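Visitor: this one's structure only:
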């Protein structure tokens, strides 16, 4: 295979990850198609799941944690009446039970699992125990006692229910295991269940409808691929924006705290003129560029994640 000549690429690609591909492999393929020097994903999506996987390149990788912490939305398909090892289609059948509940009982169960709940992480997770991922123990046939974890199910809605097939829309906090939710819901209904399909439809404000598949990406030429990249600050658009004048922007980029006449805020996105007169003249009057993230405490703007001057110049070009 010919070696790909890498180049600086900055931005966020919304990828529609296919079934059967790991998040790491999906990133590798997209990174190769873009010839990007630096890239990362914003949280693993299992090979058995498809859907939205935001990929960050260059300067945008500094803000990938924002998507990792964001709420997620899924379209989950449950097979009722059958429990399997691992809680999904790959597992062996453990038990089969008849379905003996009505729509009122289903709605009551959905209500029960909406809001703040506790989950026991599955053995097929990447959580670590004594330095090893739980799935490594599971593959060796070893069961580890796991403590329950608090998560929040913001929305749990029935989309379709036909006999043993139940389709749900789930919006949940980070760290939620939808396969565990499927198993727990099945037990609450008295019939058991496993997850037969999972598709992620949103990560925070980012939507699957705006995503592109790897096949679509491969069919484009390089300029068209790069045109699909969203700005590095697209992960932060729910945060308040702070705009600094020319003299303050340079000081902020050097990491200095700045006095601002603004209310306290736990997270803001900061903009200012690019720190290069030539670039600013070429861009004409005054469109600020993204400089980084910060928070405001007691009238001070305090930097959290800063772009380098070279990254700012690249975004301003």
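Guide: Cool, got the structure. Everything quoted here is computed from the prediction, not taken from an experiment. Numbering: from 1, shown residues only.
Visitor: helices along this protein, start to end?
Guide: 23-34, 64-69, 103-112, 134-139, 178-188, 214-218, 222-227, 246-253, 277-283, 309-316 (DSSP state H).
Visitor: which one of the ones you listed is the most hemmed in?
Guide: Greatest average neighbour count among those goes to helix 178-188 (a mean of 22), per mean count of other CB atoms under 10 Å. No exception for glycine: its C-beta is placed from N, CA and C like everyone else's.
Visitor: now for that one, which elements pack on it?
Guide: Helices and strands touching helix 178-188, by 3 or more CB pairs under 8 Å, 6 or more residues apart in numbering; DSSP states H and E, are strand 72-80, helix 103-112, strand 115-119, strand 165-172, strand 193-203.
Visitor: residue 248 is nearest to which of those?
Guide: strand 193-203 (32.6 Å; CB to CB).
Visitor: contacts only, for residue 234.
Guide: Taking CB atoms under 8 Å, 6 or more residues apart in numbering, we find residue 234 in contact with 11-12, 60, 206.
Visitor: please state the offset of stretch 188-200 from the chain centre?
Guide: With CA atoms, centre = their mean, to the nearest Å as the basis, stretch 188-200 stands 22 Å off its chain's centre.
Visitor: pull the residues that contact stretch 158-173.
Guide: Taking CB under 8 Å, 6+ apart as the rule, stretch 158-173 contacts 71-82, 99, 103, 106-107, 110, 151-157, 176, 178, 181, 193, 196, 201-202.
Visitor: tell me which residues of that stretch are tucked away?
Guide: Within stretch 158-173, the residues scored as buried using 16 or more other CB atoms under 10 Å are 166-168, 170-172.
Visitor: end to end on that stretch, go ahead and measure it.
Guide: Stretch 158-173 has an end-to-end distance of 19 Å (criterion: CA to CA, to the nearest Å).
Visitor: what does stretch 90-108 give?
Guide: So stretch 90-108: terminal residues 29 Å apart, CA to CA.
Visitor: so for it, mean pLDDT?
Guide: When pLDDT is averaged along stretch 90-108, the result is 95.
Visitor: show me what that stretch is in contact with.
Guide: So stretch 90-108 is in contact with 48, 80-85, 109, 158, 161, 163-164, 166, 189-192, 194, going by CB under 8 Å, 6+ apart.
Visitor: nice, that's everything, thank you.
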